[in-house]
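Asker: Quick one, structure for this:
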Amino acid sequence: MKQRTLGTTGPKISAIGLGCMGMSDVYGPADRNESLATIAMAIEHGITLLDTGDFYGMGHNEMLIAEALRNHQRDALTISVKFGALRDPDIGWGGYDARPEAIANFAAYSLQRLGTDHIDIYRPSRLDPAVPIEDTIGAIADLVAKGYVRHIGLSEVGSETIRRAHAVHPIVDLQIEYSLISRGIEEDILPTCRELGIGITAYGVLSRGLISGHWSPGRNNERDFRTMSPRFSGNNLTHNLSLVDALRKVADARNTTVAQIAIAWVAAQGSDIIPLIGARRRDRLTEALGATSLSLNASDLADIEAAIPNGSAAGDRYPEAQIAHLDSERSTA
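Answerer: Next comes the predicted model:
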């Protein structure tokens, strides 16, 4: 597994990371034993970055990771935790809380659930509009000073917020959606991060399975976020799957899979970009790992661009109510 340094001040990590959200939440039921086996397989194959959130399954994901790590060396791994999203017993969402006093509380619970004495990268899951970002980052910086947190990250924020946060404490990475059909960061956010020496951990590199090559119309699970996603609905889905068909021709010509070429495209956009793979099964992880040995040349990149031109996707990446919480979207509107 190749290694990359996260930003200019961050840790050295694997060239891809494992996003663990789907093992607990959002995409419907997951198999616990298969999830644990997938995490173990990722570590055995050199993946050192594990990404989670304290609200994934209301703490379930952190406890799952803790169980998975019992047979592995903790200090060889980088654990990234998002906080601040509020949940309710009906598995609903209740906004965001990034007040300094709340941050200390969230961190205490995460440390306990993870069974560790420190969090490698700690980040607010979204911008709390009621709290200045300087206050949020200052509170995390206090945890850094006390040794409970090693590095500070951000998630789904725009350039102005990035600059304000970075002025308080060095930010190692911005976690944000980035894929062949979600390229909004290229205009302003990515250049800002590069100017400041901030890395990108890219989630949604397969657009939640939409451009994995495995998605088929008619799938339905009431607990699956994708049933409410504009890109998975009606004519939008039909159009977006036609883009996948075009990408499949590019992949077939190179004896690779749609998922592998989509992941490799993200990785090829810069050494400062770390794709997060949301695999929750070993077969999907095996396929994703194949992307690490796929090298794309100029001709490959041109053919991929022709198959899925920038801006060609139909539908927003989140429902309207959730888009309203994305500082990253407001900054590029």
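Asker: Just give the closest residue to Ile273, not the sequence neighbours.
Answerer: Nearest non-adjacent residue to Ile273, counting by C-beta to C-beta, 6 or more residues apart in numbering: Ile200, 4.6 Å away. All C-beta atoms are positioned from the backbone trio N, CA, C, and that covers glycine.
Asker: The one you found contacts Leu174, correct?
Answerer: Yes - at 5.7 Å, Ile200 and Leu174 qualify as touching, with contact defined as C-beta atoms under 8 Å.
Asker: Can you show me the CA trace of the lengthiest helix in the chain as CSV?
Answerer: Longest helix in the chain, counting residues (DSSP state H): helix 234-253. This file holds the C-alpha atoms of helix 234-253, laid out as CSV (Å, rounded to 0.1, in the frame of the first residue of the first chain):
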residue,chain,number,x,y,z
GLY,A,234,-36.7,8.8,-11.4
ASN,A,235,-35.3,10.2,-14.6
ASN,A,236,-32.2,11.4,-12.7
LEU,A,237,-31.3,7.8,-12.0
THR,A,238,-31.9,6.7,-15.6
HIS,A,239,-29.6,9.5,-16.8
ASN,A,240,-26.9,8.9,-14.2
LEU,A,241,-26.8,5.1,-15.0
SER,A,242,-26.3,6.0,-18.7
LEU,A,243,-23.1,7.8,-17.6
VAL,A,244,-22.0,4.7,-15.8
ASP,A,245,-22.6,2.7,-19.0
ALA,A,246,-20.3,5.1,-20.8
LEU,A,247,-17.7,4.7,-18.1
ARG,A,248,-18.0,0.9,-18.3
LYS,A,249,-16.8,1.0,-21.9
VAL,A,250,-13.7,2.8,-20.8
ALA,A,251,-13.1,0.4,-18.0
ASP,A,252,-13.7,-2.7,-20.2
ALA,A,253,-11.2,-1.4,-22.7
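Asker: For that helix, which residues meet the burial criterion?
Answerer: Asn236, Leu237, Asn240, Leu243, Val244, Leu247, Arg248, Val250, Ala251 (16 or more other C-beta atoms under 10 Å).
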